[in-house]
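> mind looking at a prediction? Sequence and model below.
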Amino acid sequence: MLFPVDMRDWLPEDHLVHFVIEAIEQIGVSGFKVNRRGSGSEQYPPEMMLALLVYSYVTRLSEKCQKY
C-alpha cells in the first residue's frame with residue numbers, strides 16, 4: 001500500500017489543515033445542494049471541497065501578508 005489509511009497522518013498534529021477540517025466538520029454542510037440523481041461523474045464530498053477551498057484561501061492570504 002502506497003498511502004496511509006488517512007493522509008493526515010503525514011502531517012504534524014499542529015498543521016493548519018487539521019484546524020480547517022475540524023472547523024468544516026463542526027459547521028456542517030447539510031444545506032448544500034448535492035446531485036443525488038446519479039447522473040454524471042461521481043461527486044466529491046461537499047465537506048472536502050469546502051475544506052480545500054478554505055485551506056487554499058487561507059494559505060494564499062498568508063503568503064500575500066508575508067510579502068508586505
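Yep, that arrived. These numbers were taken from a predicted model, which means no experiment stands behind them.
> packing partners for the longest helix along the chain?
Determined from DSSP state H, the single longest helix within the chain is helix 46-67. When contacts are defined as 3 or more Cβ pairs under 8 Å, 6 or more residues apart in numbering; DSSP states H and E, helix 46-67 sits against helix 16-27. C-beta: built from backbone N, CA, C; applies to glycine.
> the helix it packs on versus helix 46-67: what angle between them?
Helix 16-27 runs at 130 degrees relative to helix 46-67, counting by axes from the mean of the first three to the mean of the last three Cα atoms, to 10 degrees.
> now do the buried residues in helix 16-27.
Residues of helix 16-27 classed as buried by neighbour count (16 or more other Cβ atoms under 10 Å): Val17, Val20, Ile21, Ile24.
> format the CA atom coordinates belonging to that helix as CSV.
Written as CSV, here are the backbone C-alpha positions of helix 16-27 (Å, rounded to 0.1, in the frame of the first residue of the first chain):
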residue,chain,number,x,y,z
LEU,A,16,-3.3,24.2,9.8
VAL,A,17,-5.1,21.6,7.7
HIS,A,18,-6.3,19.8,10.9
PHE,A,19,-7.9,23.0,12.2
VAL,A,20,-9.6,23.7,8.8
ILE,A,21,-11.0,20.2,8.6
GLU,A,22,-12.3,20.2,12.2
ALA,A,23,-13.9,23.6,11.6
ILE,A,24,-15.7,22.5,8.5
GLU,A,25,-16.9,19.3,10.3
GLN,A,26,-18.4,21.5,13.0
ILE,A,27,-20.1,23.9,10.6
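> got the contact list for it?
With contact meaning Cβ atoms under 8 Å, 6 or more residues apart in numbering, helix 16-27 is reached by Arg8, Leu11, Glu47, Leu50, Ala51, Val54, Tyr55, Val58, Thr59.
> hmm, try it at 6 Å
By Cβ atoms under 6 Å, 6 or more residues apart in numbering, the surrounding residues in contact with helix 16-27 are Glu47, Leu50, Ala51, Val54, Tyr55.
> tell me how far it lies from the chain's centre.
Counting by Cα atoms, centre = their mean, to the nearest Å, helix 16-27 is centred 8 Å from the centre of its parent chain.
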